[in-house]
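1. Make a model of this:
(one chain, ligands or ions: 1)
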Amino acid sequence: MAKLTSQILRSMAHIKLENVVKRFGDVIAVKDFNLDIEDKEFVVFLGPSGCGKTTMLRLIAGLESPEEGNILIDGQRVNELPPADRDIAFVFQFYALYPHLSVYDNIAFPLKAVKVAKPEIDARVKRVATILQIADMLHRKPSVLSGGEMQRVALGRAMVRQPKVYLLDEPMANLDAKMRMDTRAEIKRLQHEIGATTIFVTHDQVEAMSLADRIAVIHQGVLQQIGTPHEVYNRPESLFVAGFMGMPTMNLLDAELGTREGGSGLRLSHTDVWLTLSPHQQAGISATAQNNGLVFGIRPEHINATREPVGRKIAAEVHLVEPLGAVNILDLRLGTHPETQEPILIRVRTHPTFPIAVGGTIWLDFDEAQMHLFDRKTEYAIWERNLT
Ligand code: ATP
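-> Model prediction:
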């Protein structure tokens, strides 16, 4: 199989985006976007609806042109190059197969369009169909295929062209959950075997985490962070990334530096929770950041909870229990906002057998190596953390 696939695709590409800007009237869809995508890399553009993911992909494909900046493929500036000359294959969310053509002819279509010789077309279609495990349905029409099979035909039509770059825009959006998982595994396996530079757009963080070599998190047209899934999840560089990644997402609570008996520390606002900081952590908090306001972050899975106060420092009342099957999510009340009277809540994950009910008290301990701090005004992370 590996030999077969290596014969199919070999042409590789490095993509460089330099200060790219794209506006639609008053909307700035892409703001000063800089990114280097390595040859053979699998990069996922991740962000909420409307953040500019598709626009960035269309700019790379040549379906839109940037107002400012440069798009380079293998060192060549392609800003003015028409899509057909960029050697890129695009798979859209809604895979438009030709209903009157067989699977074979759908896959062969891009080759026929550029008048590739028939024996060559036949060989390439069959090789691609074998990889995608649709070789036994080449004679069928799209109407009798399942969603996942149609998706693979659409991918096959992209693969058969042997382009330098694949651009996949939510290609699994209309598949059911099981099919998404299967197709996700298939895409990952194929990309590994083929080794073509691939950019995949999604708003689904699980899809992004499982597929990407690196994830580019985008918000309001701005690249927030680029890093491996591990880096983006464990070392978020901004409040947006911290709040976007994870299910449930990171707890983010207002905090301030203060002093109390026994020394100084970080207090979670409107609570009795004081955290002792290392000298290094304390030194990292500039006067400017203190003026801007601090936001403390910790993921639910980095909080240990027990029924008894043994070795635990923080008491909290259970506000809500959400049973999710494999785990329970507990919303715990740490205090009350003095003006709004809203509860100050923190979420923890517990084993489903953890014996607790609403109104009960439990004891918490934060994993000190996993605590985050952000500047509320700039929204940037204050502490640099080493990944373990
Ligand atoms: P989704 O996940 O919903 O597809 P997205 O992250 O891909 O969203 P884009 O489609 O790139 O976002 O859109 C970014 C912004 O640009 C949005 O505010 C959108 O409304 C705007 N936009 C995109 N295309 C056009 C257009 N052709 N004309 C006007 N505005 C546009």
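2. How about the contacts made by H270?
-> With contacts taken as CB atoms under 8 Å, 6 or more residues apart in numbering, H270 has the following neighbours: D254, G335, T336, H337, P338, I344. Every residue, glycine included, has its C-beta placed from N, CA and C.
3. Strands of the stretch 1-150 of the chain, start to end?
-> Read by DSSP state E, counting those that start in this stretch, the stretch 1-150 of the chain holds these strands, from start to end of the chain: 15-24, 27-37, 42-46, 68-73, 76-77, 88-91.
4. Any chance of a markdown table for those, columns distance to R267 and mean pLDDT?
-> Compiled in a markdown table, these are given as follows (distance: least, CB to CB, whole Å; pLDDT from 0 to 100):
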| stretch | distance to R267 | mean pLDDT |
| --- | --- | --- |
| strand 15-24 | 42 | 97 |
| strand 27-37 | 36 | 96 |
| strand 42-46 | 34 | 97 |
| strand 68-73 | 44 | 96 |
| strand 76-77 | 53 | 94 |
| strand 88-91 | 51 | 83 |
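5. Residue of the stretch 151-300 of the chain closest to the ligand, please.
-> With distances taken as CB to the nearest ligand atom, the stretch 151-300 of the chain approaches the ligand most closely at H203, which sits 5.2 Å away.
6. Over to stretch 123-143 now: how far is its first residue from its last?
-> End-to-end distance for stretch 123-143: 25 Å, by CA to CA, to the nearest Å.
7. Make 38 the first number, not 1, from now on.
-> Let's use 38 as the start, then, which means that last one is stretch 160-180.
8. Okay, buried residues for that stretch please.
-> Residues of stretch 160-180 classed as buried: R161, V162, R164, V165, A166, I168, L169, I171, M174, L175, K178, P179 (neighbour count, 16 or more other CB atoms under 10 Å).
9. ok, so of those residues, who is nearest V128?
-> Closest approach between those and V128, by CB to CB: L169, at 12.4 Å.
10. ok, the closest one touching A195?
-> No: between L169 and A195 there is no contact under CB atoms under 8 Å: 10.7 Å.
11. number of nearby residues for the residue of the stretch 188-337 of the chain closest to the ligand?
-> A total of 18 residues lie near H240 under the criterion other CB atoms under 10 Å.
12. For F403, see how far away A320 is.
-> The gap separating A320 from F403 is 20 Å, by CB to CB, to the nearest Å.
13. actually F127, sorry about that
-> F127 sits 46 Å away from F403, going by CB to CB.
14. cool, and L204?
-> Separation of L204 from F403 (CB to CB): 42 Å.
15. who has more neighbours, these two?
-> Set L204 next to F403 and count neighbours by other CB under 10 Å: L204 wins out with 27 against 20.
16. Bridging across strands, which residues link to V385?
-> For V385, the beta-bridge partners under DSSP bridges are L367.
17. dump the residue contacts of it.
-> Contact analysis of V385 by CB under 8 Å, 6+ apart lists P337, I340, A342, I366, L367, L369, L401.
18. Buried among the residues you listed? Need that as a selection in ChimeraX.
-> For selection in ChimeraX, the members of the contacts of V385 meeting the burial criterion (16+ other CB under 10 Å) are listed in this command:
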select :337,340,342,366,367,369,401
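19. Which helix or strand lies directly C-terminal to the longest helix along the chain?
-> With DSSP state H applied, the helix covering the greatest number of residues in the chain is identified as helix 214-231. Toward the C-terminal end, the helix or strand that comes next after helix 214-231 (DSSP states H and E) is strand 234-239.
20. Residues of the stretch 38-187 of the chain that sit close to the ligand?
-> Proximity of the stretch 38-187 of the chain to the ligand is confined to F61, V64, A66, G84, S86, G87, C88, G89, K90, T91, T92 under the rule CB under 6 Å from any ligand atom.
21. Same list (these) but as JSON lines, adding distance to Q199.
-> Written out in JSON lines, the entries for those read as follows (distance: CB to CB, whole Å):
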{"residue": "F61", "distance to Q199": "33"}
{"residue": "V64", "distance to Q199": "36"}
{"residue": "A66", "distance to Q199": "31"}
{"residue": "G84", "distance to Q199": "30"}
{"residue": "S86", "distance to Q199": "33"}
{"residue": "G87", "distance to Q199": "34"}
{"residue": "C88", "distance to Q199": "31"}
{"residue": "G89", "distance to Q199": "29"}
{"residue": "K90", "distance to Q199": "25"}
{"residue": "T91", "distance to Q199": "24"}
{"residue": "T92", "distance to Q199": "26"}
